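[1] sharing a model prediction with you, sequence too.
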Amino acid sequence: MAHHQVIVVGGGTAGLAVASLLRNQENPPEVAIIEPSEKHYYQPIWTLVGAGVFNREISEKDEADFIPEGATWIKEYVESFDPDNNSLTTRDGTSYTYDYLIVAAGIQINWDAIPGLKESVMNPGTGVCSNYSYNTVNYTWENIQHLKKGRMIFTQPNTKIKCGGAPQKIMHLACHYLQKNNRSNNVEVVFASAGGGMFAVEKYKRTLDKIVKRNGVNTKFGHNLIALDPENKKATFEVLETGEKVEMEYDMIHVTPPMGPPDFIAKSPLAAEDGWVSVDKHTLQHTKYSNVFSLGDCSNLPTSKTGAAIRKQAPTVVANLDAVMNNKPLPKSYDGYTSCPLVTGYGRLVLAEFDYNKEPMESFPFDQSQERYSMYALKAYALPNLYWHGMLKGRKF
């Protein structure tokens, strides 16, 4: 049975960021990363890929290029956890023990949860598309370009999702594209969201409400997509307040699929009742196992699941893990900071930043609830470079 001082489960944004910070220390611990994927994706850029701004290839790099020096890469899937014995087992049947465990396994996209979605999302002619995978994102742009008249529907599910603002970002871009190509009068745009409004933070919601009104979007709040009939181009929604089933015809539908905790976490002793890893929301330490920490999308932290949140979570985990290793009090507290760069059109963006209390925590000395090109440029050009060359390398910014 192989043993490692620190095992990091997951080689995505959270896993690589925290592993790099650990290995960059003056006296770094011995670290192993368990991650099956050969490729790493900068997923925030997929909104702009789906809108035709960039080619999807710029979002893909080799995972090997970001495994920190001195860390061991175990290319496997985790099958189960046994935290009472400080061990886990991978899909190939190998067991590993650890002194400390960091769970950063991301979120699971449940394509099968909506009948009709998985089989239609990449098939030409169905009008069904989604920005939520490298394999499907190009088809979003094809649909937006080719639709001359009819109805576009953009959905948001009643589950937690990665980047809560992403379902509406692609809609704002589509609206702008239609306007620039004189198609607005011929295409009805519908935002069918299980949520109760455009955004959870009032300051940014006011701006977004004005934008959807400006764009003539037909908003259907409290509507959760439950089935697709791609042959007849019909979508069935459940009205959450009444349980009523509503059918809508579409010519194009961009689906944000339901998401949830990875199955191997949800069925493990590490999970809270809702299936996410149970941690203290300030220290990120597990609520039962003091040598276990979790961050990123797989944790039950009550904040939006974004890469920007991980940027603040990763240093918290490293500082507090160091304290546990040295039998000291935990020094760092995470305040729930997260950020959502809300693209509202080509060349314009509202940068939402807020904490657990949904109070704005803005980084710039101006009103970030206003649309700005500078913030769009930040998202499109600056943040990807900071991600690849800073965050994943364990550089603080």
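    Perfect, I can see it now.
[2] touching, Arg206 and Ser369? I think so.
    Yes. Using CB atoms under 8 Å, Arg206 is in contact with Ser369, at 7.0 Å. The C-beta positions use only the backbone N, C-alpha and C, and glycine is treated the same way.
[3] higher neighbour count, those two?
    Set side by side, Arg206 and Ser369 show more neighbours around Ser369, with 20 against 12, by other CB atoms under 10 Å.
[4] any idea how far that one is from Ala266?
    36 Å (CB to CB, to the nearest Å).
[5] cool, Ile34 as well?
    18 Å.
[6] neighbour count: those two, which is higher?
    Higher neighbour count among Ile34 and Ala266: Ile34, with 22 against 17, using other CB under 10 Å.
[7] for that one, give me its contacts.
    7-11, 74, 76-78, 88, 90, 96 (CB atoms under 8 Å, 6 or more residues apart in numbering).
[8] what's the closest non-adjacent residue to it?
    What sits nearest to Ile34 in space, not counting adjacent residues and going by CB to CB, 6 or more residues apart in numbering, is Ile74, at 4.6 Å.
[9] now Gly15
    Using CB to CB, 6+ apart, the nearest residue to Gly15 is Ala104, at 3.9 Å.
[10] neighbours around the one you found, how many?
    Around Ala104 there are 30 residues (other CB under 10 Å).
[11] hang on, the earlier thing: need the pLDDT of the residue nearest to Ile34.
    Ile74 carries a pLDDT value of 98.
[12] ok, it - contacts?
    The contact partners of Ile74, taken as CB under 8 Å, 6+ apart, are 32-35, 90, 96.
[13] show me which pair in the residues you listed is furthest apart.
    Greatest spacing in the contacts of Ile74, by CB to CB: Glu35 and Tyr96 (13.4 Å).
[14] so between the two, which is more surrounded?
    Glu35 (24 against 20).
[15] quick one: the nearest residue to the more buried one once chain neighbours are set aside from Ala17, how far?
    Among residues not flanking Glu35 along the chain, Gly11 sits closest, at 2.8 Å (CB to CB, 6+ apart). Separation of Gly11 from Ala17 (CB to CB) stands at 10 Å.
[16] one step back: what number of residues lie near the residue nearest to Glu35?
    Neighbour count for Gly11, taken as other CB under 10 Å: 27.
[17] now swap in Lys205 and tell me
    15.
[18] which stretch of helix or strand covers it?
    Following DSSP states H and E, one finds Lys205 within helix 202-215.
[19] re earlier: I figured the residue nearest to Gly15 hits Ser20, correct?
    No. Here Ala104 lies out of contact with Ser20, judged by CB under 8 Å, at a distance of 11.9 Å.
[20] what sits against Lys148?
    183, 186-187.
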